[in-house]
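Asker: Provide a 3D model corresponding to the input given below.
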Amino acid sequence: MSGVNDAVTRIQELSVQAGNGALTDNDRAALQEEVVQLQSQINDTFENANFAGKPLFNGEPVSFQVGSDANISQTLNQSDGSLAPTLSTIDISTQAGAQAAIDITKQANDEINAQRAELGAFQNTLASTIKGLGGQQENIAASQSRIQDTDYAQAISQQVSNDILAQSSVALRGQANQSAESILGLL
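Answerer: Reported below is the predicted structural model:
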C-alpha cells in the first residue's frame, strides 16, 4: 500500500504540473507517459500482490488463527483493488484532464490512507495477541515447573519416610534379638 500511495502521490504531482497553463501539449504528453507507467505499477501491485499464496486485493476476508484453540481467530477484510480502474482513467494530456486527475488522486489518497490505517490497526491487534500468547506460554511453563518441583519434593519426603521406617524396623529387630539373648543367658 505504501508503494501505491507513493505512485498516487506522484500522479497527483504530475497532474498539478500538467494543470499549469504554461505547459504545451507536448509537455503534457511527456508527463502522461510517466502517469501511464505509474498506472501500470499500481495495476501490477493490485493484481500480483499475495501472501502465503493468497491474493491480497481480491476483497475476500482472510482469517488467521491467533490462539491455541482453532476457534480463536482474527479476520482481515481486504481491499478489493477497486482503486486501480479509477486511477487507470487518469489522462493529464489536457489541462481539463489534469484538473480532474487532481480530484481523483485526492480521493484515491484518502482511500489508501484509510486502508493503510485499517491494516496498521490489524497488525497492532496481531502484535498484541502475540505478546499476550507469549505471556500465557511463560505462565504455563512456570506452572509446569512448580508442579514438577512439587512432585519432586513429595517424592523426596516419601523416600525419607520410608528410610526412617526401615531403620526403625532394623533397630527393633536388633533390640528383640538382644532381649532373646539376655533371657537365654539368665536361663
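
Asker: packing partners for the longest helix along the chain?
Answerer: The longest helix of the chain (DSSP state H) is helix 95-186. When contacts are defined as 3 or more Cβ pairs under 8 Å, 6 or more residues apart in numbering; DSSP states H and E, helix 95-186 packs onto helix 2-18, helix 25-48, strand 73-76, helix 83-88. C-beta coordinates here come from the backbone N, C-alpha and C atoms, glycine included.

Asker: neighbouring contacts of the second one?
Answerer: Contacts of helix 25-48 with the rest of the structure, by Cβ atoms under 8 Å, 6 or more residues apart in numbering, involve 3-4, 7-8, 10-11, 14-15, 17-18, 23, 57, 81, 83-84, 87-88, 90-95, 98, 101.

Asker: so how do I select the buried members of these in PyMOL?
Answerer: Selection of buried members from the contacts of helix 25-48 for PyMOL, criterion 16 or more other Cβ atoms under 10 Å:
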select buried, resi 4+7+8+10+11+14+15+18+23+57+81+83+84+87+90+91+92+93+98+101
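
Asker: where does the chain dip in pLDDT?
Answerer: Residues of the chain meeting the criterion pLDDT under 70: 150-151, 180, 184-187.

Asker: can you pull up the most central residue in the chain?
Answerer: Leu126 (4.3 Å; Cα atoms, centre = their mean).

Asker: for it, give me its contacts.
Answerer: With Cβ under 8 Å, 6+ apart, Leu126 has these contacts: 64, 66, 74.

Asker: let me know the closest of those residues to Gln148.
Answerer: Taking Cβ to Cβ as the measure, Gln148 sits nearest to Val66 out of the contacts of Leu126, at 29.0 Å.

Asker: tally of neighbours for that closest one?
Answerer: Counted with other Cβ atoms under 10 Å, residues neighbouring Val66 total 16.

Asker: ok, the one 10 residues further on next?
Answerer: The criterion is other Cβ under 10 Å. On that basis, Leu76 has 17 neighbouring residues.

Asker: relative to Ala127, how far out is it?
Answerer: 14 Å (Cβ to Cβ, to the nearest Å).

Asker: shared neighbours of those two, anything?
Answerer: In contact with both Leu76 and Ala127: no residue, using Cβ under 8 Å, 6+ apart.

Asker: buried sites along stretch 114-130?
Answerer: Here stretch 114-130 shows Gln115 as buried, counting by 16+ other Cβ under 10 Å.

Asker: still on that earlier bit, let me know which of the helices and strands packed on helix 95-186 is the nearest to Gln137.
Answerer: The closest of those to Gln137 is strand 73-76. By Cβ to Cβ, the value is 18.2 Å.
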